[in-house]
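S.K.: Sequence below, structure please.
(2 chains)
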There are 2 protein chains.
Amino acid sequence: VEENFAPIGVFDSGVGGLTVLNALRHVLPEETLFYLGDTARVPYGNRSAETVCQYALQASRFLIEKDVKALVIACNTASAYALERLKEKYSIPVIGVIDSVAHRAAKISQTQEVAVLGTRGTIRSESYVKALQKEKASIKIHARACPLLVPLAEEGWSDKSVSEEIIYQYLKDLKNTDVDTLILGCTHYPLLKGLIQKVAEGLLGRSLFVLDSGPPAAEALKTLLRTKGLLVSQGSQAACPRGKTHIHVTDYPEGFEETAKRFFDAAGAVFTHVDL
Amino acid sequence: VEENFAPIGVFDSGVGGLTVLNALRHVLPEETLFYLGDTARVPYGNRSAETVCQYALQASRFLIEKDVKALVIACNTASAYALERLKEKYSIPVIGVIDSVAHRAAKISQTQEVAVLGTRGTIRSESYVKALQKEKASIKIHARACPLLVPLAEEGWSDKSVSEEIIYQYLKDLKNTDVDTLILGCTHYPLLKGLIQKVAEGLLGRSLFVLDSGPPAAEALKTLLRTKGLLVSQGSQAACPRGKTHIHVTDYPEGFEETAKRFFDAAGAVFTHVDL
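M.R.: Just a heads-up that it's a prediction; the model follows:
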């Protein structure tokens, strides 16, 4: 029963994973969440598989030492390259952010034609292609690397017309496809969700399902923890108080909280600077 | 005399410093150049002073162990935060990329009103303000942090209209100033020089001096080495062959050479992957 009260460990290359933390906070209000953002080495999206794996192992070790009961890789690039390694290495539940949103996309798409936007690393890994084809072998996938969208989200330009043009550059060759579902395959992109949806729907002339990975990953984790009897609520018969949120970062530059707030409602969260 | 034939060490957070390497290659054709790009942790521009200093010390140590005769910090953010520390620590000549271009700007500007574009870290450090005011106390400075220009240069979108709009967003409030000189205070920006010049001249309605830090830094190093009698040509009475270029990177992702080529004419250069 003591295990039930252990925190859930969540890590990301930086602040993007805070959009996943939002979803976890919403779906699992009673759980304590330990977040680690590797802001000293962000972004992972353009790095090699080998380097991303090494960074993911270091981040996981930090959280494992905090006695977490489960591990969420809240970064698409790290999920793409390191999920299998971490699953082999640790006996606690480990989930990434790719499989659950791919499952949902395959289920929701009427045309069975899906677009995936992500970093160079995520797209190069073909993890979404593999995950979607595992769901339905015949599904048609259009994958697009969009390196400018991460700095755009961090800059907070979600209401500028220039952002629409950047998104248009990345999406324009989807024009004559039957895509009806678009996966935001990077945890930064939810900040640009409205704009991406607007540009994509304008281009295709119809409504689209635009999915981000936070909510399906949070639901998947909840199901997994319940199956294993590891939820806080399964360890206590009394009403459970709201869980705490601890946010650790490997670099804490001036103005960091301002950026973080664009990704996460930080009310009540504790920020700590740590070294890996 | 043996010292004269030692390589010159050059480091940067990633590929941006290759624009400085270009200038060094041009101004000092006989010298052997050892370049280190910390591509595993690029970019430095949004990180804290403390973290940038730590990374700069690690990069310098790597080059010092290669017995370099001088050290060039080919990154504005690292020059801003770590130059003084490295000068204190090492007895060989150490130069950054800020002072020499600030000197040239103060000399060339007719209106004594200068704009500086850079990363958040460089602008926040106020290093250009200090360097320019040291040249002329009365000089007027407009400093602008432009975080999207680094990924824009790396994406290679220097011919897209959307890039003009991004640059316009950063420059538009220079409209009613008397600026006649613009410093590209980040080693990535030379790739966008034509576009930046076009947008700025359109906005201000006159010709501008647009300066990047590579050429003045290369000239400053040449002068410094000559003063100390450390040039290859001062160590040999025979005609000197062309010096070699060694490029070391801490991460070598797929497609890296393609990006590097946008910054440097890599013909004859040797690429090596190293760990710090």
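S.K.: who in the stretch 1-150 of chain A is up against chain B?
M.R.: When proximity is defined as C-beta under 8 Å from any C-beta of the partner chain, the stretch 1-150 of chain A approaches chain B at A:39-41, A:46-48, A:51, A:120-121, A:124, A:147-148, A:150. For glycine as for every other residue, the C-beta is placed from the backbone atoms N, C-alpha and C.
S.K.: those helices in chain A, which residues are they?
M.R.: Secondary structure of chain A (DSSP state H): helices at A:18-27, A:49-64, A:76-89, A:99-108, A:120-125, A:127-135, A:149-155, A:161-171, A:193-204, A:214-227, A:256-263.
S.K.: Of these, which is nearest B:A70?
M.R.: Comparison of the helices of chain A against B:A70 by C-beta to C-beta identifies helix A:49-64 as nearest, at 29.6 Å.
S.K.: which strands and helices sit next to the closest one?
M.R.: Judged by 3 or more C-beta pairs under 8 Å, 6 or more residues apart in numbering or on different chains; DSSP states H and E, the packing partners of helix A:49-64 are strand A:8-12, strand A:33-37, strand A:70-73, helix A:76-89, helix A:120-125.
S.K.: Columns mean neighbour count and mean pLDDT on top of these, output as JSON lines?
M.R.: Formatted as JSON lines, the helices and strands packed on helix A:49-64 follow (neighbours: other C-beta atoms under 10 Å in any protein chain shown; pLDDT from 0 to 100):
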{"stretch": "strand A:8-12", "mean neighbour count": "28", "mean pLDDT": "98"}
{"stretch": "strand A:33-37", "mean neighbour count": "25", "mean pLDDT": "96"}
{"stretch": "strand A:70-73", "mean neighbour count": "26", "mean pLDDT": "98"}
{"stretch": "helix A:76-89", "mean neighbour count": "23", "mean pLDDT": "97"}
{"stretch": "helix A:120-125", "mean neighbour count": "24", "mean pLDDT": "94"}
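S.K.: which among the residues of the stretch 1-150 of chain A next to chain B gets closest to A:A267?
M.R.: Nearest to A:A267 among the residues of the stretch 1-150 of chain A next to chain B: A:T39, at 20.5 Å, using C-beta to C-beta.
S.K.: residues touching that closest one, list them.
M.R.: A:14-15, A:249-253, A:256, B:47 (C-beta atoms under 8 Å, 6 or more residues apart in numbering or on different chains).
S.K.: from those residues, which is closest to A:A80?
M.R.: Using C-beta to C-beta, the shortest approach to A:A80 within the contacts of A:T39 belongs to A:G14, at 16.2 Å.
S.K.: Quick check: pLDDT value at the nearest residue to that closest one once chain neighbours are set aside.
M.R.: Spatial nearest neighbour of A:G14, chain neighbours left out: A:V42 (3.3 Å); criterion: C-beta to C-beta, 6 or more residues apart in numbering or on different chains. At A:V42, the pLDDT value in this model is 92.
S.K.: Repeat that for A:G235.
M.R.: So, for A:G235, pLDDT stands at 89.
S.K.: Excluding chain neighbours, give the residue nearest to it in space.
M.R.: In space, and not counting its chain neighbours, A:G235 is closest to A:N4: 2.7 Å by C-beta to C-beta, 6+ apart.
S.K.: Check the contact between the one you found and A:V232; I expect there is one.
M.R.: Yes: at 5.5 Å, A:N4 counts as touching A:V232 under the criterion of C-beta atoms under 8 Å.
S.K.: circling back: quick one: contacts for the residue nearest to A:G235?
M.R.: Applying C-beta under 8 Å, 6+ apart to A:N4 gives the contacts A:69, A:229-232, A:234-236.
S.K.: Closest one to chain B out of the residues you listed, please.
M.R.: Nearest to chain B out of these is A:K69 (C-beta to the nearest C-beta; 30.9 Å).
S.K.: Please verify my assumption that that closest one contacts A:I8.
M.R.: Yes: using C-beta under 8 Å, A:K69 makes contact with A:I8 at a distance of 6.5 Å.
S.K.: Kindly provide the distance from A:L195 to chain B.
M.R.: For A:L195, the distance to chain B equals 14 Å [C-beta to the nearest C-beta, to the nearest Å].
S.K.: Show me what the helix or strand of chain A with the lowest mean pLDDT is packed against.
M.R.: Scoring the helices and strands of chain A by mean pLDDT, DSSP states H and E places helix A:256-263 at the bottom, with a mean of 84. For helix A:256-263, the elements it packs on are helix A:18-27, helix A:149-155, judged by 3+ C-beta pairs under 8 Å, 6+ apart.
S.K.: Mind doing that once more with 7 Å?
M.R.: Counting by 3 or more C-beta pairs under 7 Å, 6 or more residues apart in numbering or on different chains; DSSP states H and E, the packing neighbours recorded for helix A:256-263 are helix A:18-27.
S.K.: Check the offset of the helix it packs on from the chain's centre.
M.R.: 9 Å (C-alpha atoms, centre = their mean, to the nearest Å).
S.K.: That one vs strand A:33-37, what angle?
M.R.: Counting by axes from the mean of the first three to the mean of the last three C-alpha atoms, to 10 degrees, helix A:18-27 lies at 180 degrees to strand A:33-37.
S.K.: Next, count neighbours for A:S161.
M.R.: Look at A:S161: counted by other C-beta atoms under 10 Å in any protein chain shown, it has 11 neighbours.
S.K.: Okay then, goodbye and thanks.
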